[in-house]
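Trainee: Using only what follows, build the 3D model:
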Amino acid sequence: MGPTTGEDDGIYPETGVIPRFCRELLERCQRVEEETEGGSVREGFNGKKRAITSTVEVSYLEVYNEKIHDLLVAGTQCVPLKVREHPIYGPYVVDLSKHTVNSFKEMQHWLNEGNKKRATAATELNDKSSRSHSLFIIVLTQTEESDGTWTHEQTRTSSINLVDLAGSERIAHYSISNDRLREGVSINRSLLTLGKVITCLVEKRNFVPYRDSVLTRLLKVRPF
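Mentor: Residues are numbered from 1 along each chain as shown. Predicted coordinates for the structure are as follows:
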């Protein structure tokens, strides 16, 4: 991975949580690679060497009116994507694009590109209100080689969902068009379902209603 920061790393006082998390993640990956470069780190009583390399891939999607759109595809027409269930890995989005990044600047580029395509609209309460939930998905794959002969290799893969939720809509408090009404109902329903899912997980219930909304179905924890 290349350098993650420079003279202007794009982080300002008003910068949100998602870009800050992305920068921190890439910086940590870079530090680990530098510390283990060439198997320079020894561990354990037998002094085995290890070297760790990291690969980071990103995807960006929005859930708008219970439909999934890829925010990182070229063009302005976003074709709704489908969710499928893998017997081992759980829910996944068919044909969702992935992009390998080697620096925070590259990751920030994809964040900005996706943000330009998110569904927004003016309401009586906000000039630019998000009409969709978004998921910025980071897949981190770390490969660790150990032993001086580099005959042992272990790969770990982690998936991180960074979610930006649309705000709940107080529909009865202001006049809106039919489109805004449909959007508001969809937003509120998915937020209500998310609350139910969290409650079920906290209370360790046997049944969790992941499938009651697209958002919660996507957020279902899946092993690798």
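Trainee: so how many other residues sit close to the nearest residue in space to Val17 that is not next to it in sequence?
Mentor: Using CB to CB, 6 or more residues apart in numbering and skipping the chain neighbours, the partner closest in space to Val17 is Leu162 (7.9 Å). Glycine gets a C-beta too; all of them are placed from N, C-alpha and C. Residues contacting Leu162 under the criterion other CB atoms under 10 Å number 18.
Trainee: Mind telling me what element the residue nearest to Asn65 when sequence neighbours are not counted is part of?
Mentor: Leaving aside its chain neighbours, Asn65 sits nearest to Ser186 (4.8 Å; criterion: CB to CB, 6+ apart). Assigned by DSSP states H and E, Ser186 belongs to helix 178-202.
Trainee: Give me the contact list for the helix or strand just after that helix.
Mentor: Next along the chain after helix 178-202, taking DSSP H and E as the criterion, comes helix 214-219. With CB atoms under 8 Å, 6 or more residues apart in numbering as the test, helix 214-219 has contacts from 61, 63, 66-68, 83, 91, 93, 133, 135, 161, 163, 190, 193-194, 197, 209-211.
Trainee: Who is the residue nearest the centre of the chain paired with across the strands?
Mentor: Computing the C-alpha centroid of the chain and ranking residues by CA atoms, centre = their mean puts Ile137 first, at 2.3 Å. Ile137 has the following beta-bridge partners by DSSP bridges: Ser59, Asn161.
Trainee: correct me, but it touches Leu61?
Mentor: Yes - counting by CB atoms under 8 Å, Ile137 touches Leu61, with 7.4 Å between them.
Trainee: so how far is stretch 54-68 from its chain's centroid?
Mentor: Averaging C-alpha positions (CA atoms, centre = their mean, to the nearest Å) puts stretch 54-68 6 Å from its chain's average.
Trainee: same question, stretch 213-223
Mentor: That offset, for stretch 213-223, works out to 12 Å (CA atoms, centre = their mean).
Trainee: which helices and strands does the helix or strand that Glu106 is a member of pack with?
Mentor: For Glu106, the host element (DSSP H and E) is helix 104-117. Judged by 3 or more CB pairs under 8 Å, 6 or more residues apart in numbering; DSSP states H and E, the packing partners of helix 104-117 are helix 17-36, strand 48-64, strand 99-101, strand 133-146.
Trainee: let's see 10 Å
Mentor: The contact analysis (3 or more CB pairs under 10 Å, 6 or more residues apart in numbering; DSSP states H and E) places helix 104-117 against helix 17-36, strand 48-64, strand 67-70, strand 99-101, strand 133-146.
Trainee: So which bits of that helix are buried?
Mentor: Burial within helix 104-117, assessed by neighbour count using 16 or more other CB atoms under 10 Å, is assigned to Phe104, Lys105, Glu106, Met107, Gln108, Trp110, Leu111, Gly114, Asn115, Lys117.
Trainee: Thought Thr100 was touching the third one, still the case?
Mentor: This means Glu106. Yes - counting by CB atoms under 10 Å, Glu106 does reach Thr100; the two are 8.5 Å apart.
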